[in-house]
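Enquirer: One predicted model, sequence on top.
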Amino acid sequence: MGYISELRKLIGTRPILSVGATILVVNDKKEVLFQHRSDTYDWGLPGGSMELAETLEEVASRELKEETGLEAGRFELIGVFSGPRYYFRYPNGDETYSVINLFRAVDVAGKLEMNDGESLDLQYFSKDTLPVKIEKRAQALIDSIGNEFWELSSSFRE
């Protein structure tokens with residue numbers, strides 16, 4: 001059981017601050033990897049909350065592997081995002097104000113696999129073919145970064 005789950009036992013669904021990592025995986029066609037989330041049934045970006053004693057890069061690496069089956073040689077920090085736009089209420093009522101450390105995965109290897117039950121599907125999307133229902137924090141990141149979001153390139157190897 002993770003840190004957030006243990007904390008929730010004590011405080012219930014009340015709002016918390018949640019620090020974590022979100023990862024952009026960009027293929028050679030400049031398409032970004034999205035996951036069809038099993039909890040909200042919308043499309044989001046891979047990532048998750050920090051556990052005690054982890055570095056942000058370790059969070060990014062763990063979440064990328066758990067949610068997509070991919071591994072990255074390194075991660076580049078794009079920016080840190082917080083505030084009301086990153087508030088989220090989960091279907092179970094848990095509330096969080098996310099502090100999102102957005103990383104770009106570099107030197108990505110592996111095969112897409114859904115291992116942890118958090119994803120219904122994994123797909124790459126271009127700026128012109130985005131899914132209709134995007135999770136609000138992922139949409140806020142896209143809006144905050146603007147066109148630069150789509151200019152990020154990744155070195156992907158099989």
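Expert: Received the coordinates, thanks.

Enquirer: separation between Val108 and Thr40?
Expert: From Val108 across to Thr40, the span is 25 Å (Cβ to Cβ, to the nearest Å). Every C-beta, even on glycine, is put in place using the N, C-alpha and C of the backbone.

Enquirer: same question, Glu66
Expert: 17 Å.

Enquirer: Same check on Glu54?
Expert: From Glu54 over to Thr40 the distance is 24 Å, taken as Cβ to Cβ.

Enquirer: now do Arg8
Expert: Distance from Arg8 to Thr40, by Cβ to Cβ: 17 Å.

Enquirer: next one: Leu7
Expert: 21 Å.

Enquirer: likewise Thr55?
Expert: 27 Å.

Enquirer: my read: Tyr86 touches Val99, true?
Expert: Yes: counting by Cβ atoms under 8 Å, Val99 is a contact partner of Tyr86 at 7.4 Å.

Enquirer: List the contacts of the closest residue to Tyr86 other than its chain neighbours.
Expert: Setting aside the residues directly before and after it, Tyr86 is nearest to Ser98 in space (Cβ to Cβ, 6 or more residues apart in numbering), at 4.3 Å. Residues near Ser98 by Cβ atoms under 8 Å, 6 or more residues apart in numbering: Ser18, Val19, Gly20, Phe81, Ser82, Tyr86, Tyr87, Phe88, Arg137.
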